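**Student:** Provided below are the primary sequence and the corresponding predicted coordinates.
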There are 2 protein chains.
Amino acid sequence: MKLTLNETARWLLEHDDYLLLTHIRPDGDTLCSAAALARGLQTAGKHAWLLDNPGMTGRYRAYVGAYVAPAGFRPQHIVTVDTASETLFPDSAAQYRRSVELSVDHHGSNTAYAQLVCVQPEKAACGEIILALLDLLNVQLDREMAQLLYIAVSTDTGCFAYGNTTAETLYAAARLVAAGADNKSVNKEFFRTRAKSRIAVEGAVLSGLQFYRNGTIAAIVLTQEMIRKAGATEDDLENIASLPAEIEGVDAGVTVRELGPGRSKISLRTTDAVDASRICGLFGGGGHAQAAGCSIDAEPEEAASRLVRALETHWA
Amino acid sequence: MKLTLNETARWLLEHDDYLLLTHIRPDGDTLCSAAALARGLQTAGKHAWLLDNPGMTGRYRAYVGAYVAPAGFRPQHIVTVDTASETLFPDSAAQYRRSVELSVDHHGSNTAYAQLVCVQPEKAACGEIILALLDLLNVQLDREMAQLLYIAVSTDTGCFAYGNTTAETLYAAARLVAAGADNKSVNKEFFRTRAKSRIAVEGAVLSGLQFYRNGTIAAIVLTQEMIRKAGATEDDLENIASLPAEIEGVDAGVTVRELGPGRSKISLRTTDAVDASRICGLFGGGGHAQAAGCSIDAEPEEAASRLVRALETHWA
């Protein structure tokens, strides 16, 4: 059943003992939105905690670790945050696949796997939904919630540069900074700091850049060897998928990451010229119209050429 | 004499026939702030035009060209926008050095060379001051003004990622997008597009990266030969000065650009740990606490080492 924001807030106020789940390969939006919701619910007198996510990097754990469920917490209600489908559950959440009661999400592709669904696809980040929910929960937005939600919103919009950023997103960010979010330090950490290992891995992938369809498609391949040689961490690899789409004249940027032998993960970023979600859907993936992903059982070079062929065939 | 925003708006409404000057090596803030002010004054029934600036790149001329003074325009009042000192006048403005009546600026280092000075150093961009002035001029913010001011504010804050971005900056940006600024296309053009020549020039400067003071100072040198080899334009070089300061652990990022034989231009970007304006002031330059510049009569490598020595000596 679809819920409005008001109905979602009312349901949250009527129940207690929430376990909040985040998606696999967790990013700033899923983790910090969930942590802000946990803190908001705690402020409203509820018990609410995040299920630990084994993919959480150290950078995020520093902000979110305090909201991970303590040993012995017995949840009554399972809520997912920013998680479009059960296939995106991390291993730690496998046991909850069939018992999710509420899914709070901004992905239009949400598969409605939960009993109750609060999906707002017009929001750039799930953090904007949580901000609206905190208001409806009558929770005072404190500095810590503001900080978490600022990380959620800024990371999902590339610091307000991606095409999903609306006037509402910027109003939300302004409110969060006015409420005490330290945008200066968050921006410095997430958007204006490049480790030497990041510079090295970027150099490696850009040196293998390939163009197709008169330069409108650009593809990069990120192998495990490149990652090892550069000494790159998961934090170093964040947003690397946005690189090929940022080259002049490119409408579809393809990033292929080698996951293991014969297994590749694709990230596709597009302009209005191509529906990324539709193309990735051909390979069993999904996402947004301008940013989507899928997995392909093939070596990176082969996976790249399959995806490029699909783009060429289905170009609008 | 210092003017408040109200007094500035009243003065603008009481006079007519304005020529608006922009600074040398013009950026998005000086050009688009001046163009938005020109349009606002024109909407209020005044004659107001920009003095052409020979340093304006094609990218900006596309937005601002329509506001350049037509031949035969006879100004009565000279106004500078975003120009901290007379030494920053382009050649085309040399004749007006002693006749500036009003300076509208957000640089705390403004030398008060004009008869009337409206300086608001707490504003991240001069565009925020113009937005406030348009309100006080009772001008309806139209889509075109919003677009110009969005370019001004976003370029001066690195798309809201620089340390100068405040809640007020984000509120201003939200207002501008709500008023019709096409942030999606502006962001794509200014922040999410890298020409192949930009990628080449970035690779060249980063390969010569030097560290000092246990990695807290990073310096890059940009020679005319690097620019020629990469086929880079002025547009490609925009914000290149922010690269060294973005490396992990760096508190002072130094970019030295070769201007000609024995002549170098320095851009210094710092964290709170160092006052960039003070260091550049030692060489006759100036700017903001975290972003400043100066010129040094020396070859790039020598200029870099002089600036690095000044940083090491005067480190707070």
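**Tutor:** Structure received.

**Student:** Stretch A:68-79 - what's its average pLDDT?
**Tutor:** If you average the pLDDT over stretch A:68-79, you get 97.

**Student:** To clarify, my last question referred to stretch A:146-162.
**Tutor:** Model confidence over stretch A:146-162, given as mean pLDDT, is 97.

**Student:** And chain B, is it touching that?
**Tutor:** Yes: in terms of Cβ under 8 Å from any Cβ of the partner chain, part of stretch A:146-162 sits within range of chain B, namely A:G158, A:C159, A:F160, A:A161, A:Y162. Every C-beta, even on glycine, is put in place using the N, C-alpha and C of the backbone.

**Student:** for A:A273, phi and psi?
**Tutor:** Backbone dihedrals for A:A273, given as degrees, to the nearest 10, come out at phi -70, psi -20.

**Student:** State the distance from the nearest residue to it once chain neighbours are set aside to A:E299.
**Tutor:** In space, and not counting its chain neighbours, A:A273 is closest to A:D251: 4.1 Å by Cβ to Cβ, 6 or more residues apart in numbering or on different chains. With distances defined as Cβ to Cβ, to the nearest Å, the gap from A:D251 to A:E299 amounts to 26 Å.

**Student:** higher neighbour count, those two?
**Tutor:** Each of A:D251 and A:E299 has its neighbours counted (other Cβ atoms under 10 Å in any protein chain shown); A:D251 has more, 19 against 16.

**Student:** How about the contacts made by that one?
**Tutor:** When contacts are counted by Cβ atoms under 8 Å, 6 or more residues apart in numbering or on different chains, A:D251 touches A:T216, A:I217, A:T270, A:T271, A:A273, A:V274.

**Student:** How about the residues of chain A by chain B?
**Tutor:** A:158-163, A:165-168, A:170-171, A:173-175, A:177-178, A:183-184, A:187-188, A:191-196, A:199, A:203, A:206, A:242, A:245-248, A:271.

**Student:** out of the residues you listed, which are buried?
**Tutor:** Buried members of these, scored by 16 or more other Cβ atoms under 10 Å in any protein chain shown, are A:158-163, A:165-168, A:170-171, A:173-175, A:177, A:183-184, A:187-188, A:191-196, A:199, A:203, A:206, A:242, A:245-247, A:271.

**Student:** taking these one by one, which sit in strands?
**Tutor:** Cross-referencing those against strands under DSSP state E gives no overlap.

**Student:** Sort out for me which of the residues you listed are in helices.
**Tutor:** A:167-168, A:170-171, A:173-175, A:177, A:183-184, A:187-188, A:196, A:199, A:203, A:206 (DSSP state H).

**Student:** Just give me the least confident of those.
**Tutor:** Taken together, those show their lowest pLDDT at A:G203, with 80.

**Student:** Spatially nearest residue to that residue (excluding sequence neighbours)?
**Tutor:** Take A:G203 and drop its neighbours on the chain: the residue closest to it by Cβ to Cβ, 6+ apart is B:G203, 6.7 Å away.

**Student:** Ok, A:R306 next?
**Tutor:** Leaving aside its sequence neighbours, A:R306 sits nearest to A:I296 (Cβ to Cβ, 6+ apart; 6.1 Å).

**Student:** A:V153 is in contact with A:A172, isn't it?
**Tutor:** Yes: contact criterion Cβ atoms under 8 Å: A:V153 and A:A172 qualify, at 5.9 Å.

**Student:** Could you pull out the residues contacting both of the two?
**Tutor:** Common neighbours of A:V153 and A:A172 (criterion: Cβ under 8 Å, 6+ apart): A:G127, A:E128, A:L131.

**Student:** Generate a markdown table for the residues you listed, with secondary structure and pLDDT as supplementary columns.
**Tutor:** Formatted as a markdown table, the entries for the shared contacts of A:V153 and A:A172 read as follows, by DSSP: H, G, I helix; E, B strand; the rest coil; pLDDT from 0 to 100:
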| residue | secondary structure | pLDDT |
| --- | --- | --- |
| A:G127 | helix | 98 |
| A:E128 | helix | 98 |
| A:L131 | helix | 98 |
